[in-house]
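>>> following is a predicted model, sequence given first.
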Protein chains: 2
Amino acid sequence: MSGQTGGGRAVRRFALNQWTTRRWSVAEAVDGCVRHGVEAIGLWRQNVAEQGLEETVKLVGDAGLRVSSLCRGGFLTSGDALDDNRRAIDEAAALKAACLVMVVGGLPGVVPGEPLGTISRDLAGARERVAEALAALAPYAGERGVRLALEPLHPMYCADRAVLSTLGQALDLAEPYPVEQVGVVVDTFHVWWDPQVFRQIARAGERIASYQVCDFLSPLPADVLLGRGVMGDGVIDFAPLTAAVAEAGYTGDIEVEIFNADVWAADPDEVLPRIMTRFDELVGG
Amino acid sequence: MSGQTGGGRAVRRFALNQWTTRRWSVAEAVDGCVRHGVEAIGLWRQNVAEQGLEETVKLVGDAGLRVSSLCRGGFLTSGDALDDNRRAIDEAAALKAACLVMVVGGLPGVVPGEPLGTISRDLAGARERVAEALAALAPYAGERGVRLALEPLHPMYCADRAVLSTLGQALDLAEPYPVEQVGVVVDTFHVWWDPQVFRQIARAGERIASYQVCDFLSPLPADVLLGRGVMGDGVIDFAPLTAAVAEAGYTGDIEVEIFNADVWAADPDEVLPRIMTRFDELVGG
């Protein structure tokens, strides 16, 4: 690993979520991973579509990368999303992704960033629709060997992105299904504040399909979607969360996923070693 | 009530939190309440200090207003806040406030709106300090007939304003104390997203010391502190929350507390009837 960043034990579990280096195409991100000694990558569907699914399969295969996740299925609360989610499952199967991340969607009619038009305020009803859609999708995923990973999002996104707000709620939703069919994402940004987080990580056990890390910035920027920071730049204490996830039995990749205007503006070849160093120092694994 | 807004049963429980009409002094807000047929007011300590405590006691007494709450004690996580909280308790006693709202404070060193300097990331430790401070303050409040009302704040404020993030957590904290000494605030803005909110409201029962309402705006404004909207302008369905609070046994005032740049820019004499009408239509009670 000489000439590469890090090289310790931890970095072998480091996975680059490609939206962290958002300006890179799939091909560029794969190349960047190889150059910097990264062994796993989290891909996004729209980027895969731009590169082409078959070509992406070949690129990651030739590079010997693990696909730590495919982002994302979901948005199950508005309209008929099942067909699109079945396509997402097929893509995850082709990519041999460790899981398909599910961002379940907000209140029907609420569009992120847009003024409210005609919406539903029936939060309980929206949550029920997620459960119904999951019942339709989980067997389909199971047949293709794909694991759905329910991602609770920070409660500040409850209206516009995900009515799934806590790890406990995600585990309740996952419970009826085999662990290899429906798991959960533990993303430090979304769960760090939760008074029950350690209890729920322990409860999750084998349900943990993905561990994602980034920091929570304070103050939040004007667009709260971009409130994710490089580890160490915010308020999260990563060590106890990493320890809890390990104790629960998770041994998979640890994905760094940062939506941040400054990170996106920087040279990805500068960003990647910086976040790998911070990962080694603060996240471990 | 002719010539006044509303006049239905609901409006008799309507309380104006004075920061909703922030440009009004205590004297002006008391006068406004009388003119608009409002029977109860939630006061803020800094405004009371400007008016003078004794004069405020006289003003609300002469106007026949109930003081639905005094905002606020708390900020228990940084430094020694006990003396200031004892003064807040004394003020609440003098005002015969139904409760003293406690905003417990964020991570030590985090200043709202300021870049991070030297901070503590020990969230569990900060929560422990809140419990310790409460143990010191609750008996003092009890001796003076003041009820401390622990307010869980939306998790997006966990770092900078309140490490108390859910109603369940507030009830755990309140449990060792008599209900008349330590209660909780149910504020729709802070709790609407919580998958456990109805279970926890039922659990709260007599612990509910204050029911506060305002809407949750989507998208959030650049300063998330000002994400509170007039009822009906956001995503919250108030009726089930009001019903749950009533079923839990709460019969006190219902305070409208809105931090919002547009509301603050408007003429308070226009704002008050507008929010009273929305209150009648959407909140009830």
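On my side now, so go ahead. Residues are numbered from 1 along each chain as shown, chains lettered A, B, ... in the order given.
>>> any part of the helix ranked longest in chain A near chain B?
Secondary structure of chain A read by DSSP state H shows that its longest helix is helix A:123-143. Yes: Helix A:123-143 lies within reach of chain B by CB under 8 Å from any CB of the partner chain, at A:123, A:124, A:127. Placement of C-beta: from N, CA and C, glycine included.
>>> same check on stretch A:257-269?
No: counting by CB under 8 Å from any CB, chain B has no neighbours in stretch A:257-269; the shortest distance is 13.2 Å.
>>> residue A:195 contacts residue B:165, doesn't it?
Yes: contact criterion CB atoms under 8 Å: residue A:195 and residue B:165 qualify, at 6.2 Å.
>>> neighbour-wise, which of the two wins?
Neighbour count, other CB atoms under 10 Å in any protein chain shown: between residue A:195 and residue B:165, residue B:165 has more, with 26 against 23.
>>> the stretch 101-250 of chain A: helices as residue ranges?
For the stretch 101-250 of chain A, the helices defined by DSSP state H, counting those that start in this stretch occupy A:123-143, A:167-174, A:188-191, A:197-204, A:238-247.
>>> quick one, which of the ones you listed gets closest to residue B:25.
Closest approach to residue B:25 among the helices of the stretch 101-250 of chain A (CB to CB): helix A:123-143, 38.3 Å.
>>> hmm, who's touching the closest one?
Contact with helix A:123-143 is made by A:73, A:76-77, A:81-82, A:85-86, A:89, A:100, A:104-108, A:120, A:147-148, A:150, A:158, A:163-164, A:169, A:173, A:176-178, A:180-182, B:192-193, B:195, B:237, B:240, as judged by CB atoms under 8 Å, 6 or more residues apart in numbering or on different chains.
>>> deepest of the helices of the stretch 101-250 of chain A, which one?
Here the criterion is mean neighbour count by mean count of other CB atoms under 10 Å in any protein chain shown, and of those the winner is helix A:188-191, at a mean of 25.
>>> output the contacting helices and strands for that one.
strand A:208-213, strand A:215-216, helix A:238-247 (3 or more CB pairs under 8 Å, 6 or more residues apart in numbering or on different chains; DSSP states H and E).
>>> and the contacts of helix A:123-143, which are buried?
A:73, A:76-77, A:81, A:85-86, A:89, A:100, A:104-108, A:120, A:147-148, A:150, A:158, A:163-164, A:169, A:173, A:177, A:181-182, B:192-193, B:195, B:237, B:240 (16 or more other CB atoms under 10 Å in any protein chain shown).
>>> just the ones of these in strands?
A:73, A:100, A:148, A:150, A:182 (DSSP state E).
>>> and chain B, which of the residues you listed contact it?
Applying CB under 8 Å from any CB to those, none is adjacent to chain B.
>>> from those, pick the one nearest residue A:43.
Set against residue A:43, the nearest of those by CB to CB is residue A:100 (10.5 Å).
>>> find the nearest non-adjacent residue to residue A:119, please.
Spatially, and ignoring its direct neighbours in sequence, residue A:119 is nearest to residue A:109 (3.6 Å; CB to CB, 6 or more residues apart in numbering or on different chains).
>>> how close does that neighbour get to residue B:181?
Distance from residue A:109 to residue B:181, counting by CB to CB, to the nearest Å: 44 Å.
>>> equivalent analysis for residue A:190, please.
In terms of CB to CB, residue A:190 sits 35 Å off from residue B:181.
>>> how close does residue A:96 sit to residue A:20?
Distance of residue A:96 to residue A:20, computed by CB to CB: 21 Å.
>>> let me fix that: residue A:72
Where residue A:20 is concerned, residue A:72 sits at a distance of 15 Å (CB to CB).
>>> and these two? Which one has more around it.
Taking neighbours as other CB under 10 Å, residue A:72 and residue A:20 compare with residue A:20 leading, 25 against 21.
>>> dump the residue contacts of the more buried one.
Counted by CB under 8 Å, 6+ apart, residue A:20 has contacts A:256, A:257, A:258, A:263, A:271, A:275.
>>> those residues of the stretch 1-150 of chain A touching chain B, which are they?
Within the stretch 1-150 of chain A, the residues that sit near chain B (CB under 8 Å from any CB) are A:106-107, A:110, A:112-116, A:119, A:121-124, A:127.
>>> tabulate the residues you listed (a markdown table), appending distance to residue B:47 and pLDDT.
A markdown table is the format used below for the residues of the stretch 1-150 of chain A next to chain B (distance: CB to CB, whole Å; pLDDT from 0 to 100):
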| residue | distance to residue B:47 | pLDDT |
| --- | --- | --- |
| A:106 | 36 | 98 |
| A:107 | 35 | 98 |
| A:110 | 35 | 97 |
| A:112 | 37 | 95 |
| A:113 | 35 | 95 |
| A:114 | 36 | 97 |
| A:115 | 33 | 97 |
| A:116 | 32 | 97 |
| A:119 | 35 | 97 |
| A:121 | 33 | 98 |
| A:122 | 38 | 98 |
| A:123 | 34 | 98 |
| A:124 | 38 | 98 |
| A:127 | 40 | 98 |
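>>> what parts of the stretch 151-285 of chain A come near chain B?
A:154-156, A:158-160, A:165-166, A:168-169, A:192-196, A:216, A:218-220, A:222, A:224, A:233-237, A:240.
>>> quick one on the thing from earlier: taking the contacts of residue A:20 together, which two end up most distant?
Going by CB to CB, the pair spanning the contacts of residue A:20 furthest: A:257 and A:271, at 12.6 Å.
>>> these two touch, right, residue A:283 and residue A:211?
No: the pair residue A:283 and residue A:211 does not pass the contact test of CB under 8 Å, sitting 9.2 Å apart.
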